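Student: model this:
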Amino acid sequence: MSIIENDPEGDPRGRRLAKNRANLLAEALGVAHSLGVLLRRANFDETLCDELLKSIVRQEAIELQRAHGRIESRNRFKRGVPYSLLEGRPVSNLYVDESGRSNPGYIPGLGFFSLGAVALTEEEADTYCDRSDEIKMRFFGNTQLTFHEPNMRNRAGEFYFGNNEHEQGAFDDAIAGLIEETDFVAFGVGIRKQAFAKEFAEAGLDPYLPSDVYVIAISMMLERYVDFLANSPEKRMGRLTFEGQGAKEDAYHQLEYARLLIEGTQWVSDKGFRQWLETGLRFTPKRGSHPTELADMLSRDLFEWTRDDCESSPKWWELFSRKMYCRGDGRMGKFGVKVFPDSDIREAIELHRRGCGADL
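Tutor: Purely as a prediction, here's the structure:
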């Protein structure tokens, strides 16, 4: 139950009613979309149905704004400096990994895609590597191994430990301690691919929304990361490092990142991104100890949480949840993790955000 619903003065601003209307409109959107599919199959003129769909989308956005307050300006992150590198700001490193497949085609068990990321200072990144090396020397006798999901939770390969349950438990405790002791801020985006295709891509309802699953995920994640950078006490410049996947894949990531800094998004301007993010990506192979190991674990947990309609608690989820970025009520880009689309699972998402400290 939200703060609004607990307000002893009732609902003087009508926010609870607006929230209820937004939820009903979200359900109506699904019904209207189904109507459009039936009309297409019947070779019937869809013009009126398309207008209805667009009207519902516009009204839902209005009701959401009434329910959650004023939407902040798209240019809110701009600084009065023509070229950010001239400031010489210290660096915030964002290490990114993914889980699932971003291609639009449906594959059983892979109807979801997630990006997970952790933000660390350079000093804390070095400290993480030292701690990770200590664990690897203790359990494997070398530091060349890489912590990798889902092998870790499935006890596959080196993580089988000869089926020694005591050793397996000790290793899990060591990883839990590594996550708890490392000072990082967590970010991520989970995409429900089938729901996205049905509610947005096929209907073409939002002209600002990219049609590519990966582009949506990186855009939404960086909107939240920039909010974190702009509202942190120490102003840092964001530097992104991805796990390398191959020359072509890395080039594609670089292309979409550059496009984001040139064009911006519906919620953050291009200049807002350029003021807070370095203009190129970095890549690292999956080898040895590196903070991308944390991003790998987070992206897998986020994939499973998204797949389970945000109601489960994957292996490391509670530990990562304690470190998720949260500002104020956590709405409109002020919470580090976003699941999209979310119209039918908002209650579960808001319950999780409240548990992470959002003032809902």
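
Student: phi, psi of Ala186?
Tutor: Backbone geometry at Ala186, expressed as degrees, to the nearest 10, gives phi -100, psi 140.

Student: I'd assumed Phe335 was in contact with it.
Tutor: No - Ala186 is beyond contact range of Phe335, at 10.5 Å (criterion: C-beta atoms under 8 Å). For the C-beta atoms, the positions are set from N, CA and C on the backbone; glycine is no exception.

Student: what sits in contact with each of the two?
Tutor: Jointly contacting Ala186 and Phe335 under the rule C-beta atoms under 8 Å, 6 or more residues apart in numbering are 324-325.

Student: for Asp309, see how far away Arg224 is.
Tutor: Noted for Arg224: a distance of 21 Å to Asp309, by C-beta to C-beta, to the nearest Å.

Student: which one's more surrounded, those two?
Tutor: Arg224 (24 against 14; other C-beta atoms under 10 Å).

Student: list the buried ones in the helix or strand where the more buried one lies?
Tutor: According to DSSP states H and E, Arg224 maps onto helix 213-231. Under the neighbour-count criterion of 16 or more other C-beta atoms under 10 Å, helix 213-231 has 213-230 buried.

Student: which secondary structure elements does the next helix-or-strand element following it sit against?
Tutor: Later in the chain than helix 213-231, the nearest helix or strand by DSSP H and E is strand 237-243. The contact analysis (3 or more C-beta pairs under 8 Å, 6 or more residues apart in numbering; DSSP states H and E) places strand 237-243 against strand 91-100, helix 213-231, helix 247-263, strand 282-284, helix 292-307.

Student: with distance to Glu27 and mean pLDDT as extra columns, can I get those in CSV?
Tutor: Formatted as CSV, these follow (distance: least, C-beta to C-beta, whole Å; pLDDT from 0 to 100):
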stretch, distance to Glu27, mean pLDDT
strand 91-100, 27, 94
helix 213-231, 22, 94
helix 247-263, 32, 92
strand 282-284, 42, 94
helix 292-307, 20, 96
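
Student: what's the most buried one of the ones you listed?
Tutor: helix 292-307 (a mean of 26; mean count of other C-beta atoms under 10 Å).

Student: packing partners of it?
Tutor: Using 3+ C-beta pairs under 8 Å, 6+ apart, the elements in contact with helix 292-307 are strand 91-100, strand 112-121, helix 165-181, strand 185-192, strand 237-243, helix 317-321, strand 337-340.

Student: got a list of contacts for the first one?
Tutor: So the one you mean is strand 91-100. 110, 112-122, 125, 149, 187, 217, 221, 225, 229, 232, 236-243, 290-292, 294-296, 298-300, 302-303.

Student: dump it to CSV, keeping only the CA atoms.
Tutor: C-alpha atoms of strand 91-100 as CSV (Å, rounded to 0.1, in the frame of the first residue of the first chain):
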residue,chain,number,x,y,z
VAL,A,91,35.9,8.9,-12.8
SER,A,92,33.0,6.7,-11.9
ASN,A,93,33.4,3.3,-13.6
LEU,A,94,30.2,1.5,-14.8
TYR,A,95,30.9,-2.1,-15.6
VAL,A,96,28.2,-3.7,-17.8
ASP,A,97,27.2,-7.2,-18.7
GLU,A,98,24.1,-8.8,-20.2
SER,A,99,21.9,-12.0,-19.9
GLY,A,100,19.6,-13.5,-22.4
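
Student: ok, it: who's next to it in the sheet?
Tutor: Its sheet considered, strand 91-100 pairs with strand 112-121 (antiparallel), strand 237-243 (parallel) by DSSP bridges.
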